[in-house]
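fold the following, please.
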Amino acid sequence: MTRFGLKEITLSNWLDPDDVLKGFVRLSPNGQITLKGEDYLTYILRPNLHKSVPSDVQALFEVARGAMAYGYFFYPLYTLAMEQLFRVAEAAVKHKCSALRAPKSTKTLKKRIDWLVNESIIPQTESALWHTVRHLRNMASHPEKQSILTPVYTLGILERIASQINSLFNNKALKTETK
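Next up is the predicted model:
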């Protein structure tokens, strides 16, 4: 560990699981078992984007998910990957607005989200979720200090962002684009 409380990466330990993860366990019939890298990876690989999502957004998503997978070796990557997921969501919104020929005045993420809500692409009931992503994206992009979040929290964000992006590009939204 360094003075920052993080794993100090060396030639001899870079492929070793981060010691922080030893504190995360799952309950089994035989008692507590430390989670293995494969356990984390199974959860990370579960959320997927639909084929209807633009390939540029899918590539950004895969990079974020890949960084999260390597959080097993360097714990702060879970948080970094989650922060990237907020930018992936922003890219998805931008792609959707472009595909629907949104007015040029929708230059900010807030205005794009609001426009998609007004066009009924994003349901009013999900508006707050999208604005929360926007707020978290802003916090992540302009940090005052390093945040370190748990894998469980970041995996929840991974699932939620994948679901939100998929909903942007579902069949109903695609039909709207062809009008």
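
where do the strands sit along this protein?
Residue ranges of the strands in the chain, as given by DSSP state E, are 25-28, 31-34.

quick one: mean pLDDT over the last one.
For strand 31-34, the per-residue pLDDT values average out at 66.

residues in contact with Trp4?
To be clear, residue 4 is Phe; Trp isn't right here. Contacts for Phe4 (C-beta atoms under 8 Å, 6 or more residues apart in numbering) come out as Gln146. Quick note: C-beta positions are derived from backbone N, CA and C, even for glycine.

could you redo the last one with a cut-off of 10 Å?
For Phe4, the contact set (C-beta atoms under 10 Å, 6 or more residues apart in numbering) comprises 76, 146, 148.

any idea how far it lies from Gly37?
Distance check for Phe4 against Gly37: by C-beta to C-beta, to the nearest Å, it reads 23 Å.

what do you get for Thr125?
Here Thr125 is placed at a distance of 37 Å from Gly37 (C-beta to C-beta).

counting neighbours, go ahead and name the busier of these two.
Applying other C-beta atoms under 10 Å to Thr125 and Gly37 shows that Gly37 carries more neighbours, namely 14 against 8.

give me the distance between the more buried one and Ile148.
Distance from Gly37 to Ile148, by C-beta to C-beta: 19 Å.

again with Gly31
In terms of C-beta to C-beta, Gly31 sits 28 Å off from Ile148.

and the gap between His95 and Gly23?
Taking C-beta to C-beta, one finds His95 at 39 Å from Gly23.

compare those two (neighbour count), which wins?
Using other C-beta under 10 Å as the criterion, His95 and Gly23 rank with His95 on top: 18 against 8.

which parts of this structure are helices?
Here the chain has its helices, by DSSP state H, at 37-45, 55-69, 76-99, 109-118, 127-141, 151-168, 171-177.

might you list the low-confidence residue ranges for the protein?
Residue ranges of the chain with pLDDT under 70: 1-3, 25-27, 32, 34, 171-179.

near the nearest residue to Lys7 once chain neighbours are set aside, how many other residues are there?
Using C-beta to C-beta, 6 or more residues apart in numbering and skipping residues adjacent in sequence, the residue nearest Lys7 is Asp18, 5.0 Å away. Number of residues near Asp18 (other C-beta under 10 Å) recorded here: 19.

repeat that for Tyr72.
Using other C-beta under 10 Å, Tyr72 is surrounded by 23 other residues.

give the contact list for it.
15-18, 21, 35-41, 44, 78, 151.

got a list of what the residue nearest to the spatial centre of the chain touches?
With distances taken as C-alpha atoms, centre = their mean, the chain has Leu85 as the residue nearest its mean C-alpha position (2.9 Å). By C-beta under 10 Å, 6+ apart, Leu85 lies in contact with 60-61, 63-65, 67-68, 133, 136-137, 140, 154, 157-158, 160-162, 164-165.
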